[in-house]
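[1] following is a predicted model, sequence given first.
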Amino acid sequence: MKILIALATYNRPVITQLCLQNLQLVRSDEVRLVVYDDASTSYTKDYLFKYADDVIRFERNGGIERSRAKAIRDFVYRFTDYDLIYFTDNDAIHDPKFVDVVRSVSAWQRNQAETLPFSLYSTVFHVRSENIIFENDAFFILKTIPGISQCYTREMAEIILEILNRSADLESTYGWDYIYTTILDRPCLNTKTSFVEHFARDKSEGGMHSSNSGTGPDALADFERDRALNPTPYLVGIRDGIIREILN
């Protein structure tokens, strides 16, 4: 089962480097890492190529929606021998086992009545009660899943692309990538164990999940706002070290 990891990057050089180094642990002949860079000024395309199998770098900043749309098109038209596309962002750190989990969940779904998009990032924002359809010991069934960890089959990607090709302006519609799951008109699967931790910021750059930057008294609060629920022991073990590297 071949997996295309589509990593969206934009500035935040410290956490970006940590993210890229982390993803080296899973690259293989069966797992391709493609970086979609939104005209970053903090590092070059050549720098990104040190860590990726391919780098798509936009000349002007256009938002993550455009990066996601380009990745969908590439998955459908260029990487035709890949089975799954996995979206993530440059402020994410993954447990190296996540690729095995992606494969296991995908294989398990083949025997189910319906194949669902799924996420490996469990967070308080997305598993709030109004978003939960069903849960058991291993999974949530949710209405939506976080953009930092989304996995789609080729059939799902083709549906998303069909809608995108009919309305190309969606590439510049804020948050459109977040509703990929909605347009598929099916619920989503989310592992209860989180194989992803979200750090949301860099030393001097925040983000949509981070209100603060720098190293002031509220610096640590940003890392709590979108913290993973039930992270793996690997993620627990490296969390404090990642935060120190970001803030130092």
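    Perfect, thanks for sending it.
[2] what's the helix or strand for the residue nearest the centre of the chain?
    The residue lying closest to the centre of the chain (C-alpha atoms, centre = their mean) is residue 88, at 1.8 Å. Residue 88 is part of strand 84-89 when elements are defined by DSSP states H and E.
[3] and that strand, what does it pack against?
    Judged by 3 or more C-beta pairs under 8 Å, 6 or more residues apart in numbering; DSSP states H and E, the packing partners of strand 84-89 are strand 3-9, helix 64-77, helix 98-109, strand 150-153. Placement of C-beta: from N, CA and C, glycine included.
[4] just put those in JSON lines and tack on distance to residue 124.
    Listed next are the helices and strands packed on strand 84-89 as JSON lines, based on distance: least, C-beta to C-beta, whole Å:
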{"stretch": "strand 3-9", "distance to residue 124": "23"}
{"stretch": "helix 64-77", "distance to residue 124": "22"}
{"stretch": "helix 98-109", "distance to residue 124": "20"}
{"stretch": "strand 150-153", "distance to residue 124": "18"}
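[5] quick one: the helices in this structure?
    All helices of the chain, identified by DSSP state H, fall at 13-23, 45-49, 64-77, 98-109, 154-166, 180-183, 219-225, 233-247.
[6] got the ones you listed as CSV, with distance to residue 135 and mean pLDDT columns?
    Formatted as CSV, these follow (distance: least, C-beta to C-beta, whole Å; pLDDT from 0 to 100):
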stretch, distance to residue 135, mean pLDDT
helix 13-23, 28, 97
helix 45-49, 38, 97
helix 64-77, 27, 95
helix 98-109, 15, 96
helix 154-166, 22, 93
helix 180-183, 17, 82
helix 219-225, 23, 84
helix 233-247, 21, 96
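[7] would you format the ones you listed as TSV with distance to residue 33 included?
    Listed next are the helices of the chain as TSV, based on distance: least, C-beta to C-beta, whole Å:
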stretch	distance to residue 33
helix 13-23	6
helix 45-49	10
helix 64-77	12
helix 98-109	11
helix 154-166	17
helix 180-183	20
helix 219-225	25
helix 233-247	19
